[in-house]
Structures are given as C-alpha cells and as structure tokens.
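S.K.: Just to be clear, the model below is a prediction. Sequence and coordinates:
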Amino acid sequence: MKCIIIAAGYATRLYPLTENFPKPLLKVQDKPILDWLIEDIDGSGLVDEYIVVSNHKFAHHFEDWARLNNESGQVSRISVVDDGTSSNETRLGAVRDIQLAIDSLEEVPADGLLVIAGDNVLDFSLQLFVNYAAQKKTSAIMRYFEPDIARCRKSGILEVDASDKVLGMEEKPAEPKSNWCCPPFYYYTQKDAQLVEKGIADGCGVDAPGSYVAWLCTQTEVHAMEMPGKRYDIGNLASYEQVQRDYPGILAHK
C-alpha cells in the first residue's frame, strides 16, 4: 500500500511560524507532526512508501526531512512530489495534488492508497482505520460527531446509514444535514483511486480533499468509520499552542 500525504498548503493562519516553514514539519512536543503520523502508520507493516505532496516553496524542507528519515531506515521509504506552486493564490488544490501523486506512481497498488492530510494529529492509531477499510472491502473515510453547527458549516458533512455506508457528503454546507464531520483521512481502493482524474473532470471540486469523496460516494460504495478518539486540528497559533500543551500521544482504544 502507498500512503499519499497532502502537505502543499501555505498555512497562512499560522504566520509567522509558517511563513517560511511548512506546517506538517512543526513540532508537537518532541517531534514533527508528520513523524507522529508516519511512525504510527508504519507499525501496521502495510505501507511500503509515503509520497508527500509539497508546494515548491517548501519542497526543500520536506526533501531534507525525507532524506534523514530514509537514511535512518526506521520507517518505509519517503518520497517528495513538488506541485510547482509558490503561493497560496496559485495552489493547485488538494484533489489535484492527490492526482499528481498518483501520476508519480508506476501504477496504483492492488491494495489501494491511504490518503491523509499532513497537518493533524490523532490520539488513536490509524492502523484501526486501515483495518476497518480492509474489513469493509470498499473505499473508506472517518467521521466524528460535531455538536457545534457553526463548525459543521466549515466541514465536510456526511449522511450515513446503520451499516456505516455513506449516503451523501457535502463540503461546507450552509444547512448541514447531520452532525457527522469527515476529517481528512481516506482509504481508496485501487479502482476508486484510478477515478480521481474522472472526478476532477466531472467537476467534483479540487480545493478540499473531501470534495472527491463527495463525488465518489455518488459513484460507488464508501463506508465511514466512527473515530474512537480525538483529532487535533492545528489551524492557528492558539490551537497550535493548545496542542503543544494537551496532546497525549497515541492512546490505546478498543
């Protein structure tokens, strides 16, 4: 399995910290955000390569980080794809960045793709999510219950049935149809990963990574695992400071 890490944003709300440095490499406690994610995923033994999609402005930071990790040999190989953009105004959008990473592969592996945003940390293992997708034998996403409607209006909102099947998804709806929010962690089967280009051509939207899921669930079956723990979103300086104080690391969850 390959893991694509979306890391081409400019994190303007975190200036000055991210004016000349990428958010996914900011440290949470003792190590970069990406190290928390990759070290956890690598414990599954299922991922043989991580493809980090960066913008051009920050690519050299990721390349230096990847080289150190590859030289250590402690996790599977990490490669970096430069999307060629140099400003927030010229960014390609997350879905186009995913397609760029797919294009860099010789072929989509038979066991599919894990696609994650590189700027969040979780207090539970993503191995639970990988195992869930394997059990469902479909593309899969995660969901959590958000009681604050204002926050729902800024998120991807899911409708699901009793078997976790996604009935519909809408990005940033004015009138949310549920309180189920979709964080930026996805598993795509080989077949569904090969449809990203078609989704873009059909107008699925490219800025938010969930826009492809919203399109995909109209084409095929997608399931949504309820998160067994918390996601820590680092959106601004205040939230970064809070994560530094409060993040407990990866906890045991049943």
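M.R.: Cool, the structure landed.

S.K.: Show the backbone phi and psi for residue 79.
M.R.: When read as degrees, to the nearest 10, the backbone of residue 79 gives phi -120, psi 160.

S.K.: Point out where the stretch 151-254 of the chain drops to low pLDDT.
M.R.: For the stretch 151-254 of the chain, applying pLDDT under 70 flags the ranges 253-254.

S.K.: Strands of that one, residue ranges please.
M.R.: Ranges of strands within the stretch 151-254 of the chain are 156-160, 166-171, 180-182, 185-188, 222-226, 231-233, based on DSSP state E, counting those that start in this stretch.

S.K.: Which helix in this structure has the most residues?
M.R.: For the chain, the helix with the greatest residue count under DSSP state H is helix 59-72.

S.K.: which residues in the stretch 151-254 of the chain form helices?
M.R.: Assigned by DSSP state H, counting those that start in this stretch, the stretch 151-254 of the chain shows helices spanning 190-193, 196-201, 210-216, 237-246.

S.K.: Let me know which of these is tucked in deepest.
M.R.: Of all the helices of the stretch 151-254 of the chain, helix 210-216 has the most neighbours on average by mean count of other CB atoms under 10 Å, namely a mean of 25. Yep, even glycine has a C-beta here, placed from its N, CA and C like the rest.

S.K.: just checking, what packs against that helix?
M.R.: Helices and strands touching helix 210-216, by 3 or more CB pairs under 8 Å, 6 or more residues apart in numbering; DSSP states H and E, are helix 94-103, strand 139-145, strand 156-160, strand 166-171, helix 196-201.

S.K.: Tell me the buried residues in the first one?
M.R.: In this case it means helix 94-103. Buried residues in helix 94-103, counting neighbours by 16 or more other CB atoms under 10 Å, are found at 94, 95, 96, 97, 98, 99, 100, 101, 102.

S.K.: of those residues, closest to residue 186?
M.R.: Nearest to residue 186 out of the buried residues of helix 94-103 is residue 98 (CB to CB; 8.9 Å).

S.K.: And that closest one, what's its pLDDT?
M.R.: pLDDT, residue 98: 97.

S.K.: Verify the stated contact: it with residue 6.
M.R.: Yes. Look at residue 98 against residue 6 with CB atoms under 8 Å: they come within range, at 6.7 Å.

S.K.: Can you pull the residues that touch both of the two?
M.R.: 53, 115, 209 (CB atoms under 8 Å, 6 or more residues apart in numbering).

S.K.: Among those, which one is most surrounded by other residues?
M.R.: Within the shared contacts of residue 98 and residue 6, most neighbours by other CB atoms under 10 Å means residue 115, with 29 neighbours.
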